[in-house]
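A.B. asks: Sequence and predicted model, in that order:
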Amino acid sequence: MNLLIYHGKDELLEDLATFILKVGNEAIAENGRFNFVLTGGSSPKTLYQQLATKYKDDLDWQQVYFFFGDERNVSATDKDYNGLMAAESLLRPLNIQEDHIFYVNTSLSPVEAASAYQNEINMHFNGGLPAFDFILLGMGDDAHTASLFPETEILESSEVGVEAVFVEKLNTYRISMTAGLINHAKNIAFLVFGKSKADAVKQVIESEEEDTTHYPAQLIKPYNGHVTWFLDQEAAANLNT
Ligand SMILES: O=C(O)[C@H](O)[C@@H](O)[C@H](O)[C@H](O)COP(=O)(O)O
């Protein structure tokens, strides 16, 4: 695990963008495509905007295939739809062709949407192991990541796939990649800002005992890849390092 702590957001975003571009250029050079999983939430918006402007010429974006680590059970036109935020801040500005963007089809029921998404991923990887080149993750102040929320059944899943998750405290369904699918990625980066996340960051990164039920982000341990934490000083405030 790499732990990068930044005083300012600008430097953090510059380093994270540079990391994404490095992995992307290597993936395209090696395989002719870059399989990139986006996160939702508010933290990545500025990063996405910068990738689409400041860094638009630093990667052959038309060779990138975009996926989502999770999606809310709302219409694709709803402001809370992760795909819409990404489309507005990154995908449309870069004119990414539609068949290179894998949105979760929330017009289906959550279970059907999860199954359909898993099938799309399996087809994209020709039925082979779905090992994404890069998965960007956020983390909530309850240590959830993607939609791996505390005390939800998906945390027990041994599947390498996508599942519907009923999140009690939100009283709604989410569709999420499982930890097993995320952990097959070659590169994983957490992007975590702010004081409200400091306790969760400490529990996930430094606690002695593993308690994945209450701190699900602890499940993220890539089998063959690397996980890097991009933290601002506030989110890292409670760490001993
Ligand atoms: O659908 C989502 O909301 C995300 O996938 C979720 O896992 C997010 O990354 C965290 O909730 C952090 O969200 P913020 O970046 O808004 O703090």
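C.D. replies: In hand now; what should we look at? Model, not experiment: these values are computed from the prediction.

A.B. asks: is it true that Leu136 lies in a helix?
C.D. replies: No. According to DSSP: H, G, I helix; E, B strand; the rest coil, Leu136 belongs to no helix; its state is strand.

A.B. asks: what separates the closest residue to it other than its chain neighbours from Phe132, distance-wise?
C.D. replies: Leaving aside its chain neighbours, Leu136 sits nearest to Thr39 (4.9 Å; criterion: CB to CB, 6 or more residues apart in numbering). No exception for glycine: its C-beta is placed from N, CA and C like everyone else's. Counting by CB to CB, to the nearest Å, the gap from Thr39 to Phe132 is 12 Å.

A.B. asks: Over to Ala113?
C.D. replies: As for Ala113, its distance to Phe132 is 19 Å (criterion: CB to CB).

A.B. asks: between these two, who's got more neighbours?
C.D. replies: The residue with more neighbours, out of Ala113 and Phe132, is Phe132; 25 against 20, by other CB atoms under 10 Å.

A.B. asks: From Asp60, how far off is that one?
C.D. replies: Phe132 sits 18 Å away from Asp60, going by CB to CB.

A.B. asks: swap in Ser147?
C.D. replies: In terms of CB to CB, Ser147 sits 31 Å off from Asp60.

A.B. asks: Comparing those two, which residue is more hemmed in?
C.D. replies: Using other CB under 10 Å, the more surrounded residue of Ser147 and Asp60 is Ser147, with 26 against 14.

A.B. asks: how about the residues of the protein near the ligand?
C.D. replies: 39-43, 69-70, 72, 82, 138-140, 144-146 (CB under 6 Å from any ligand atom).

A.B. asks: Buried ones among these?
C.D. replies: Among the residues of the chain next to the ligand, the ones that count as buried by 16 or more other CB atoms under 10 Å are 39-41, 43, 69-70, 72, 82, 138-140, 144-146.

A.B. asks: Would you format those as a markdown table with secondary structure and pLDDT included?
C.D. replies: Output for those, formatted as a markdown table (DSSP: H, G, I helix; E, B strand; the rest coil; pLDDT from 0 to 100):
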| residue | secondary structure | pLDDT |
| --- | --- | --- |
| Thr39 | coil | 98 |
| Gly40 | coil | 98 |
| Gly41 | coil | 96 |
| Ser43 | coil | 96 |
| Gly69 | coil | 98 |
| Asp70 | strand | 98 |
| Arg72 | strand | 98 |
| Asn82 | helix | 98 |
| Gly138 | coil | 98 |
| Met139 | coil | 98 |
| Gly140 | coil | 98 |
| His144 | coil | 98 |
| Thr145 | strand | 98 |
| Ala146 | coil | 98 |
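
A.B. asks: and Glu71, that's in a strand?
C.D. replies: Yes. Counting by three-state DSSP, Glu71 is found in a strand.

A.B. asks: per-residue pLDDT, the closest residue to it other than its chain neighbours?
C.D. replies: Spatially, and ignoring its direct neighbours in sequence, Glu71 is nearest to Val104 (3.7 Å; CB to CB, 6+ apart). For Val104, the pLDDT comes out at 98.
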